[in-house]
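what follows is a predicted structure for the sequence shown.
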Amino acid sequence: MTQDPARGTAQDGTPVSIVTGGATGIGGAISRALATRGDHVVLNDIDVTAAAETATAIRTDGGSCTVVEGDVTDDGVVAAVVEAAVAVRGVVDHLVNNVGDFRPASRDFAHSTPAQWQRLYELNLRHVLAMSHAVLPYVVAGSSIVNVSTVEAFRGIPASAPYSAFKAGVAAFTKSLAVELGPRGVRVNAIAPDLTDTAQTSRAAMLRGRDEELVPLWLPLGRFAEAEDHARVVTFLTSDDARFVTGHTIPVDGGTLAASGWYRRHDGKGWTNMPDRP
């Protein structure tokens, strides 16, 4: 774990926002969006190179950023992230618990292992609890927490039952913590992404040889999500425009949760959440 100090601390009144997994994909888009808005971003990521690149891009565009490298499932990294945020202005205005992964995966639950369950728990739920708990002494009226769940928390997903369960836990935790923190003027919400073209879930991997021209027939809004689509919702949820919104998980899915289910692949090799073709 290493820390890249802020290049100039935020002035009084500048919001301080933590983004875990904030270097690439959805997390990277969130970090850049919050920095563009004027927040000082405390960016945590396990990928040292990607974190440095995103921080450089933020600073080049005139934003301010502190990088704390390391695995946020490690309690020592959690403490370092919060310490870095508090060092900027003494409070934490916004926390975005973005880290999560469906891997390690297995072909079905019967072939999964307790070690896989434990890692999925640490990646998708435990660190959300740990980060949220660690910032509680430093949040103030007007602060907010945004967690990243998934649409798979609200529908069955084959081959990823533990992942789905832990992400459902994120949604439940979001509701309960919102009730607890409401009297302090602190809001807690979540987003639930689906079908986003990132390095982790690329467009090519999602299509798996299908005809891309058919995508508008499968997804109500006719396209895969971009990371920026999620960042815009997080920007809203961490803004005063959402000052009376708390305890909710907002699907950012182009309508897939409303319209689709899972289908057996015609070749017998697993499942797909887009209509398959022989």
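Sure thing, it's come through.

so where's the longest helix in the protein?
Ranked by residue count and defined by DSSP state H, the top helix of the chain is helix 161-181.

residues contacting residue 260?
Remark: with contacts taken as C-beta atoms under 8 Å, 6 or more residues apart in numbering, residue 260 is in contact with 218, 219, 273, 274. Yep, even glycine has a C-beta here, placed from its N, CA and C like the rest.

how about JSON lines for those, with distance to residue 245 added?
Formatted as JSON lines, the entries for the contacts of residue 260 read as follows, by distance: C-beta to C-beta, whole Å:
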{"residue": "218", "distance to residue 245": "30"}
{"residue": "219", "distance to residue 245": "25"}
{"residue": "273", "distance to residue 245": "28"}
{"residue": "274", "distance to residue 245": "31"}
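
may I ask which of the residues you listed has the most neighbours?
By neighbour count, taken as other C-beta atoms under 10 Å, the most surrounded of the contacts of residue 260 turns out to be residue 219 (21 neighbours).

strand partners (parallel or antiparallel) of the next helix or strand after the longest helix of the chain?
Proceeding C-terminally, helix 161-181 gives way to strand 187-193 as the next helix or strand, assigned by DSSP states H and E. Within its sheet, strand 187-193 is paired with strand 144-148 (parallel), strand 249-252 (parallel), according to DSSP bridges.

residue 179: which of those is closest?
strand 144-148 (12.9 Å; C-beta to C-beta).

pLDDT on the closest one, on average?
Strand 144-148 shows a mean pLDDT of 98.

run through who's touching it.
Counting contacts by C-beta under 8 Å, 6+ apart, the residues outside strand 144-148 that touch it are 26, 93-100, 128, 132, 135, 139, 170-171, 173-174, 177, 181, 186-191, 193, 230, 234, 237-238, 242, 249.

and the longest helix of the chain, what's buried?
For helix 161-181, a neighbour-count test (16 or more other C-beta atoms under 10 Å) marks 161-171, 173-174, 177-178, 181 as buried.

for residue 142, see how far away the residue lying closest to residue 35 once chain neighbours are set aside is.
Residue nearest to residue 35 in three dimensions, not counting chain neighbours: residue 63, with 3.3 Å by C-beta to C-beta, 6 or more residues apart in numbering. Distance of residue 63 to residue 142, given as C-beta to C-beta, to the nearest Å: 21 Å.

now swap in residue 114 and tell me
Taking C-beta to C-beta as the measure, residue 114 and residue 142 are separated by 42 Å.

pretty sure the residue nearest to residue 35 contacts residue 31?
No: the pair formed by residue 63 and residue 31 falls short of the contact definition of C-beta atoms under 8 Å, at 9.0 Å.

residue contacts, the residue nearest to residue 113 when sequence neighbours are not counted?
With sequence-adjacent residues excluded and distances taken as C-beta to C-beta, 6+ apart, residue 113 is closest to residue 106, at 7.4 Å. For residue 106, the residues meeting the contact criterion (C-beta under 8 Å, 6+ apart) are 112, 113, 116, 159.

show me which pair in these is furthest apart.
The largest separation in these, counting by C-beta to C-beta, is between 113 and 159 at 13.7 Å.

the more surrounded of these two?
Neighbours per residue, other C-beta under 10 Å: of residue 113 and residue 159, the larger number sits with residue 159, 16 against 10.

from residue 178, how far off is that one?
Relative to residue 178, residue 159 is positioned 31 Å away (C-beta to C-beta).

sketch out the low-pLDDT regions of the stretch 101-250 of the chain for me.
Within the stretch 101-250 of the chain, the stretches with pLDDT under 70 are 196-209.

can you give me the helices in it?
When assigned using DSSP state H, counting those that start in this stretch, the helices of the stretch 101-250 of the chain occupy the ranges 114-121, 127-135, 161-181, 203-207, 215-218, 227-237.
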